[in-house]
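1. Here's my sequence, what's the structure:
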Amino acid sequence: MLSSRSAAIAQSFGAAARTYDDHAELQRHVAARLARLLPPLAAPRVLELGCGTGLFSRHLLARYAGGTFLFTDLAPSMVEQCRMNLAGAGKRVSFEVMDAARPTADGPFALIAMSMTLHWLGDPEAALATLRKRLAPNGVLVFATIGGESFREWRDALVAQGLPIGLLDIPDLPGIVDEEQLVVDAGTLGFLRRMKAIGGLTPREGYTPLPAGTLRRAVRAADETHGGRITWHIVYGRLAASQSSPSISPA
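-> Here you go, the predicted model:
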């Protein structure tokens, strides 16, 4: 059974499944950059958590022609959209609704991947530790996620206005090998509209949304102070199997 927060995230992203790709330029860019970290593997068993509409799934299929894949997402509508988008992938691909915070897929996997999923989990570091135990010996986990310096302009504007912050706090994570900072929207309102369009406005637990008038004042303040600039900090990680990873079961 999903927690109330997981259910809210699933509902938000699920509602955006059909139009997600129309607003996912940044996520598409991140998927392409994360693909650079994929290891050379001949016929891997691959698990992707948070597959969404399949933006990173396509890179996995293209890279590993001999692989078998389990693509999963918390939102059933996203899983169905991914299935539709990858309809020609054949029998080497299966799909499943799964909470990345409580993965139920049996390992071992040669590769586990997450693109723009990890920051939605309550304890990202614990989630990485759990997933590493599902890797085969010499297996690899790759991920891209929001870094701790993301959206600092919006955070600063809210603090200056004495307003609560609904954004998630992102801890330092192990295995970071690359990072970048990106500005993809013309203004603060554009940033918030993009987040809403992709289903990414589920706030931290206990946060009460700002009244419309207060939100408008905060948007104006952010634009005046930072010229409408909202920075995404993206980090990319790669981790090897943990010491306690299971052995590969015989076929």
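2. use CA for all of it now, contacts and neighbours both
-> Noted.
3. Please, where are all the helices along the stretch 51-200 of the chain?
-> With helices called from DSSP state H, counting those that start in this stretch, the stretch 51-200 of the chain shows them at 57-63, 76-85, 124-132, 152-160, 188-197.
4. Would you mind giving those helices as TSV with distance to residue 98, mean neighbour count and mean pLDDT added?
-> Below are these laid out as TSV (distance: least, Cα to Cα, whole Å; neighbours: other Cα atoms under 10 Å; pLDDT from 0 to 100):
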stretch	distance to residue 98	mean neighbour count	mean pLDDT
helix 57-63	16	18	98
helix 76-85	9	20	97
helix 124-132	13	18	95
helix 152-160	31	18	95
helix 188-197	22	18	93
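5. OK, contacts around residue 132?
-> Contact analysis of residue 132 by Cα atoms under 8 Å, 6 or more residues apart in numbering lists 140-141, 239-242, 245.
6. any idea how far it is from residue 235?
-> Remark: distance between residue 132 and residue 235 (Cα to Cα, to the nearest Å) = 18 Å.
7. For stretch 142-156, give the distance from the opening residue to the closing one.
-> From start residue to end residue, stretch 142-156 stretches across 31 Å - Cα to Cα.
8. now that stretch, how far from the chain's geometric center?
-> On the basis of Cα atoms, centre = their mean, to the nearest Å, stretch 142-156 sits 12 Å off its chain's mean C-alpha point.
9. hmm, who's touching it?
-> With contact meaning Cα under 8 Å, 6+ apart, stretch 142-156 is reached by 30-31, 34, 37-38, 111-119, 165, 169-172, 188, 222, 226, 229-239.
10. can you redo the helices of the stretch 51-200 of the chain as TSV with distance to residue 16?
-> Formatted as TSV, the helices of the stretch 51-200 of the chain follow (distance: least, Cα to Cα, whole Å):
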stretch	distance to residue 16
helix 57-63	18
helix 76-85	8
helix 124-132	24
helix 152-160	23
helix 188-197	6
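11. Would you mind saying which of those lies nearest residue 102?
-> helix 124-132 (8.1 Å; Cα to Cα).
12. Need the CA coordinates for the closest one. CSV is fine.
-> Extracted in CSV, the C-alpha atoms of helix 124-132 (Å, rounded to 0.1, in the frame of the first residue of the first chain):
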residue,chain,number,x,y,z
PRO,A,124,17.3,9.1,-1.2
GLU,A,125,20.5,7.8,0.4
ALA,A,126,18.8,4.8,2.0
ALA,A,127,17.1,4.1,-1.3
LEU,A,128,20.4,3.9,-3.1
ALA,A,129,21.8,1.5,-0.4
THR,A,130,18.7,-0.7,-0.9
LEU,A,131,19.0,-0.8,-4.6
ARG,A,132,22.7,-1.5,-4.6
